[in-house]
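[1] compute the structure for the input listed below.
(chains A and B)
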Amino acid sequence: MQTATQIPTDVSFLEYRKYKGIFNWILSTDHKRIGLMYLYSMMTLFFVGVALGLAMKLELIAPGKTIMDAQDYNAVFTVHGVIMIFMIVIPGLPAVFGNFLLPIMIGAKDVAFPKLNLLSWYIYILGALLVIASVLFGNGTPDTGWTFYAPYSFKSGTNLLPAIFGAFVLGFSSILTGLNFIVTIHRMRAPGMTWLKMPLFPWSLYGTAWIQLLATPVVGITLLLIILERVFGIGVFDPALGGDPILYQHLFWIYSHPAVYVMILPAMGAISEIIPTFTQKHIFGYKAIIGSTLAIAFVGYFVWGHHMFTSGMSGTAQYTFSILTFLVAIPSAIKVFNWISTMYKGSISLQTPFYWAASFIFIFMIGGLSGLVLGALATDIYVHDTAFVVAHFHFIVFGGVGFSFFGAIHYWFPKIWGRMYDTKWANTGWLVFSIGFLALYSPMFYLGMQGMPRRYYDYLEEFHAANILSTLGSWVMTFGLVIIVINLVRSAKHGPKAEMNPWNGKTLEWTVPSPPPVENFEEIPVYGEKDGPYEY
Amino acid sequence: MSNEKHHIVPYRTYIFVLLALIVLTFISIAITHIELADYTVAGALILASVKTFLVLTFFMHLKFDKPYMRIMVGFVLAVFLAVIIITFLDYYYR
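    Purely as a prediction, here's the structure:
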């Protein structure tokens, strides 16, 4: 008879060796190691995405050809988008911090299906390799934009099949992670931790997981249809064969708009953890934040058509989507008001994670309010497909998710690696990054209002000055990024040892050693009547 | 989890459901030979919905699970229905 191996409770997950060398990582079903494997793979891909972004901005430093021609520019923005959207911001916080923290925050030893969790990572890597293959092999890098719009995606002569199939494969990773989280949250919460005692980050992961589970299959089948259209000419989307290219846009955005909430909900969840800790105060409107999370997840399903106002959709559909889009602003605003109210009369501690969280609110507000310009039918027609749209979604996607991600990594860093980073450099990195971010993306609002179209490698002379500022901003932001990454990487190895609870946080992850032992808890915690996640 | 009761479904039920699914499949093929014009798709969808109902209820044990499972599946179907209706706001009013 086989006996279970005794896992030591006094050895951290980073020190515990079950296999030799790298096998300790790639065969590990420990949710914490899987979270870190996602982090390291994502960071590698992120630097590729950043390099492509820098190349685009460098091309736009002056009118005409600077470093690449039009076809190369098309390829660069396509691969930049595919990497950043499908491999970084969609899996981002759930795959890294969700995996690492969800079981600990709800008092469990692991996720419900640890092997499935490891499989999700392998599927993620397979999807990433397929996309990379589309760049390295075949006749030309994909050039359709990350949306693979019909009819470009079946007319383009470039190597699109592996990229589309890669995005399809990446979807499976997302679905399996979502399924794992839903079951984990339903079945494995600590005794006494009722739904309304669960911290807000797991709540946000719960809302996100439902979107991952329900919306991702739609894009899966849509991408398969594109492959069939390209290979066999089945005529679903090709107007020459009786198909409808707008149907592609419907199907694509039925997934890809909810995907924005897959990105932003966990980001909001992380902010909802950081703010109470650094104000040492119970979160204001706990139930309202949960309600708004579920409302965003729900209403977010029905707003996809606002990406298609100029595509030739019916007027009735346009009005409906516009109204629904405005509705989604309400739960988003509820969250912002609750975060601000939490800070009111709190003992605010100006530490690095708080700087990121506060600037997240600022950046997210700009992104959100500029979204209303795009959600209104009349103004959308004016700025559609201009640099304004690029600025808007970078404020939401990069500003929202990115600022929250960096906030989260500075918040949970001592827990994950058991060491503390250099606060002075961390704050400097935040400041430089934020200045660079604003300098990079703010001019694009102006450029869009002035009529500069997106996805063009060239522009009129009148747009030159704002483009120079934007390119300079990209350099400053990247410099800030380098400071942040060097500081964190160095500190993970050489930083001073961190305490169990350096920030005086009240959620369960702060009750286990830093870094946590393999199975998190020696004994599963029990929540009493008066226990709660934010009882300061 | 081990203390939860599991309902044991007799084989007979499964065989009846299987037979019903096979019969419905043949009906959905047969129906294509009848000229139903605009209702062809509706007919196919109704038959597919009945089959889905049988699979969810018996093979996937919804009939024997706690009510909240049915509520969750019902919610998912409602979302799906809403997505279809909103999409057709475009196609019908173009």
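
[2] ignoring the adjacent residues along the chain, who's closest to the closest residue to chain B within the stretch 101-250 of chain A?
    In the stretch 101-250 of chain A, the residue that lies nearest chain B is A:H250 (5.4 Å; CB to the nearest CB). Yep, even glycine has a C-beta here, placed from its N, CA and C like the rest. In this structure, A:H250 finds its nearest non-sequential neighbour in B:T87, 5.4 Å apart by CB to CB, 6 or more residues apart in numbering or on different chains.

[3] tell me the centre residue of chain A?
    Nearest to the mean C-alpha position of chain A, by CA atoms, centre = their mean, lies A:V89 at 2.7 Å.

[4] now for residue 7: which residues touch it?
    Let's take chain A. The contact partners of A:I7, by CB atoms under 8 Å, 6 or more residues apart in numbering or on different chains, come to A:16, A:518-519.

[5] I was after chain B.
    Applying CB under 8 Å, 6+ apart, we find B:H7 in contact with B:61, B:64.

[6] could you check how far A:L447 is from A:K32?
    According to CB to CB, to the nearest Å, A:L447 stands 44 Å off from A:K32.

[7] quick one: name the residues of chain B near chain A.
    Near chain A, the residues belonging to chain B are B:1, B:76, B:79, B:82-83, B:86-87, B:89-94 when assessed by CB under 8 Å from any CB of the partner chain.

[8] pLDDT score assigned to residue 6?
    Defaulting to chain A. pLDDT for A:Q6: 69.

[9] my question was about chain B
    pLDDT, B:H6: 69.

[10] after the longest helix anywhere in chain A, which helix or strand is next? Please name it.
    Taking DSSP state H as the criterion, chain A has its longest helix at helix A:245-279. Downstream of helix A:245-279, the first helix or strand assigned by DSSP states H and E is helix A:286-299.

[11] which helices and strands does that next one pack with?
    Contacts defined by 3 or more CB pairs under 8 Å, 6 or more residues apart in numbering or on different chains; DSSP states H and E place helix A:286-299 against helix A:200-232, helix A:245-279, helix A:315-343.

[12] next, A:S491: phi, psi?
    phi -70, psi -30 (degrees, to the nearest 10).

[13] so how far is chain B from it?
    A:S491 sits 41 Å away from chain B, going by CB to the nearest CB, to the nearest Å.

[14] so what's that residue up against?
    For A:S491, the contact set (CB under 8 Å, 6+ apart) comprises A:413, A:417, A:419-422.

[15] my guess is A:M477 contacts A:Y441. True?
    No. The criterion here is CB atoms under 8 Å, and A:M477 misses it with A:Y441 at 9.0 Å.

[16] show me which residues of chain A sit near chain B.
    Contacts of chain A with chain B, taken as CB under 8 Å from any CB, map to A:187, A:214, A:246, A:250, A:254, A:298, A:301-302, A:305, A:312-317, A:320-321.

[17] report the buried members of those residues.
    Among the residues of chain A next to chain B, the ones that count as buried by 16 or more other CB atoms under 10 Å in any protein chain shown are A:214, A:246, A:250, A:254, A:298, A:301-302, A:305, A:313-314, A:317, A:320-321.

[18] from those residues, pick the one nearest A:K530.
    Distance ranking of those against A:K530, using CB to CB, places A:F298 first at 31.6 Å.

[19] give the contact list for that closest one.
    Contacts for A:F298 (CB under 8 Å, 6+ apart) come out as B:V79.

[20] could you check how far it is from A:L126?
    Remark: distance between A:F298 and A:L126 (CB to CB) = 32 Å.

[21] ditto for A:Y255
    From A:Y255 to A:L126 the distance is 20 Å (CB to CB).

[22] between those two, which is the more surrounded one?
    Relative neighbour count places A:Y255 above the other of A:Y255 and A:L126, with 23 against 15, counting by other CB atoms under 10 Å in any protein chain shown.

[23] longest helix anywhere in chain B?
    Chain B, longest helix under DSSP H: helix B:67-93.

[24] now that one: average pLDDT?
    Per-residue pLDDT over helix B:67-93 has a mean of 91.

[25] pull out the buried residues from that helix.
    By 16+ other CB under 10 Å, the buried positions in helix B:67-93 come out as B:79, B:83, B:86-87, B:89-90.

[26] what about that helix, distance to the chain center?
    The chain centroid and the centroid of helix B:67-93 are separated by 13 Å under CA atoms, centre = their mean, to the nearest Å.

[27] quick one, it and helix A:286-299 angle?
    50 degrees (axes from the mean of the first three to the mean of the last three CA atoms, to 10 degrees).

[28] next, the angle from helix B:67-93 to helix A:200-232.
    Going by the same axes, to 10 degrees, helix B:67-93 is angled at 50 degrees with respect to helix A:200-232.

[29] elements contacting helix B:67-93?
    Packed next to helix B:67-93, using 3+ CB pairs under 8 Å, 6+ apart, are helix A:245-279, helix A:315-343.

[30] tell me which of those helices sits most buried.
    Of all the helices and strands packed on helix B:67-93, helix A:245-279 has the most neighbours on average by mean count of other CB atoms under 10 Å in any protein chain shown, namely a mean of 25.

[31] pLDDT of that helix, averaged?
    For helix A:245-279, the mean per-residue pLDDT is 95.

[32] for it, packing partners?
    Checking 3+ CB pairs under 8 Å, 6+ apart, helix A:245-279 ends up next to helix A:92-93, helix A:200-232, helix A:286-299, helix A:315-343, helix A:352-375, helix A:403-417, helix B:67-93.

[33] tabulate the ones you listed in CSV, adding columns for distance to B:V23.
    Output for the helices and strands packed on helix A:245-279, formatted as CSV (distance: least, CB to CB, whole Å):
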stretch, distance to B:V23
helix A:92-93, 48
helix A:200-232, 28
helix A:286-299, 38
helix A:315-343, 39
helix A:352-375, 49
helix A:403-417, 54
helix B:67-93, 24
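
[34] ok, now which ones touch the residue nearest to A:S204 when sequence neighbours are not counted?
    Once flanking residues are discounted, A:S204 sits nearest to A:G269: 2.6 Å by CB to CB, 6+ apart. Contact analysis of A:G269 by CB under 8 Å, 6+ apart lists A:93, A:200-205, A:293.

[35] residue of the stretch 351-500 of chain A nearest chain B, please.
    For the stretch 351-500 of chain A, CB to the nearest CB, closest residue to chain B: A:L377, 14.2 Å.

[36] can you pull the phi and psi angles for that residue?
    Dihedral angles (degrees, to the nearest 10) for A:L377: phi -60, psi -50.

[37] so what pLDDT did the nearest residue to it once chain neighbours are set aside get?
    Excluding the flanking residues, the one nearest A:L377 by CB to CB, 6+ apart is A:S322, at 5.2 Å. Looking at A:S322, its pLDDT reads 96.

[38] so A:S322 is in contact with A:A376, correct?
    Yes. In this structure, A:S322 is within contact of A:A376 by CB under 8 Å, at 6.5 Å.

[39] just the buried residues of whatever helix or strand A:M444 lives in, please?
    Using DSSP H and E, A:M444 maps to helix A:423-450. Within helix A:423-450, the residues scored as buried using 16+ other CB under 10 Å are A:425-430, A:432-434, A:436-449.

[40] and that helix, what does it pack against?
    For helix A:423-450, the packing partners by 3+ CB pairs under 8 Å, 6+ apart come out as helix A:352-375, helix A:387-393, helix A:403-417, helix A:464-494.

[41] what's the angle between the longest one and helix A:403-417?
    Taking the same axes, to 10 degrees, one finds that helix A:464-494 is oriented at 10 degrees with respect to helix A:403-417.

[42] now do helix A:464-494 against helix A:423-450, angle only.
    Per the same axes, to 10 degrees, the angle that helix A:464-494 makes with helix A:423-450 is 150 degrees.

[43] what's the angle between helix A:464-494 and helix A:352-375?
    Here helix A:464-494 runs at an angle of 150 degrees relative to helix A:352-375 (the same axes, to 10 degrees).

[44] so what pLDDT did the closest residue to A:K287 other than its chain neighbours get?
    Leaving aside its sequence neighbours, A:K287 sits nearest to A:L196 (CB to CB, 6+ apart; 6.9 Å). In this model, A:L196 is scored at 94, pLDDT.
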